[in-house]
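Colleague: Below: sequence and its predicted model.
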Amino acid sequence: QQPVQSPQAVILREGEDAVINCSSSKALYSVHWYRQKHGEAPVFLMILLKGGEQKGHEKISASFNEKKQQSSLYLTASQLSYSGTYFCGTGAAGNKLTFGGGTRVLVKP
Amino acid sequence: DGGITQSPKYLFRKEGQNVTLSCEQNLNHDAMYWYRQDPGQGLRLIYYSQIVNDFQKGDIAEGYSVSREKKESFPLTVTSAQKNPTAFYLCASSTDYYEQYFGPGTRLTVT
């Protein structure tokens, strides 16, 4: 079953903060976060693993509540480059991920 | 430079024809994946492969076929049995449990 992302869309002013949530009905081993610009491939942002390990490339933070099967991505002091569609991908076993429907983020000057 | 290449970027076919999309990686990753993305939608897994000569169906495998004869290559064939093949197709690769690296995608249009 596909994880549910909320909100579906958010508009920010540069410098503002936002939180994107990802909820799953299944027990999770991992949560991945990606950002996709229009017409381009998704780019990896962060992975959170059961047990607390995290790995990310950018100054974007996230949390993973294993009991609630939820993850949140925190966009802090947003920049114009943060605009795009954010996807969470949840992994229950092996390497297979199931992606949510996405959250569209628009950061305005 | 290491990465994933997909070709072609745009592909046009007539209904009823099979078409093969190319995906090559030189990242030495064991796992490779194929996803389909429709406008305004998320990514849906078609097939994935964790080792050479082995692959598993994803959530929407009907009408598609794959092969994994080499570690570097994971071609996807969209067959005439796929009812709505027009979509953006993305290939990805990864090491175990870690981030997936995506190729630039192939936009397939079938008329």
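Modeller: Great, that's in hand. Residues are numbered from 1 along each chain as shown, chains lettered A, B, ... in the order given.
Colleague: I'd like the next helix or strand past the helix or strand where residue A:21 lies.
Modeller: Following DSSP states H and E, one finds residue A:21 within strand A:18-23. If you walk from strand A:18-23 toward the C-terminus, the next helix or strand you reach (DSSP H and E) is strand A:30-36.
Colleague: Could you list every helix and strand that that next one packs against?
Modeller: strand A:43-49, strand A:61-65, strand A:70-75, strand A:84-91 (3 or more CB pairs under 8 Å, 6 or more residues apart in numbering or on different chains; DSSP states H and E). Bear in mind the C-beta positions are built from the backbone N, C-alpha and C, glycine included.
Colleague: That one pairs with which strands, parallel or anti?
Modeller: strand A:43-49 (antiparallel), strand A:84-91 (antiparallel) (DSSP bridges).
Colleague: Looking at those strands, which one is packed in the most?
Modeller: Comparing the strands paired with strand A:30-36 by mean neighbour count (mean count of other CB atoms under 10 Å in any protein chain shown), strand A:84-91 comes out on top with a mean of 24.
Colleague: hmm, who's touching the helix or strand just after it?
Modeller: The C-terminal neighbour of strand A:84-91 among helices and strands, as given by DSSP H and E, is strand A:97-99. Residues from elsewhere that reach strand A:97-99 (CB atoms under 8 Å, 6 or more residues apart in numbering or on different chains): A:1-3, A:30, A:32, A:87-92, B:35, B:42-45, B:59, B:100.
Colleague: mind giving me TSV with the helices and strands packed on strand A:30-36 and columns for distance to residue B:84 and mean pLDDT?
Modeller: Shown next, in TSV, are the helices and strands packed on strand A:30-36 (distance: least, CB to CB, whole Å; pLDDT from 0 to 100):
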stretch	distance to residue B:84	mean pLDDT
strand A:43-49	27	90
strand A:61-65	34	91
strand A:70-75	31	94
strand A:84-91	21	94
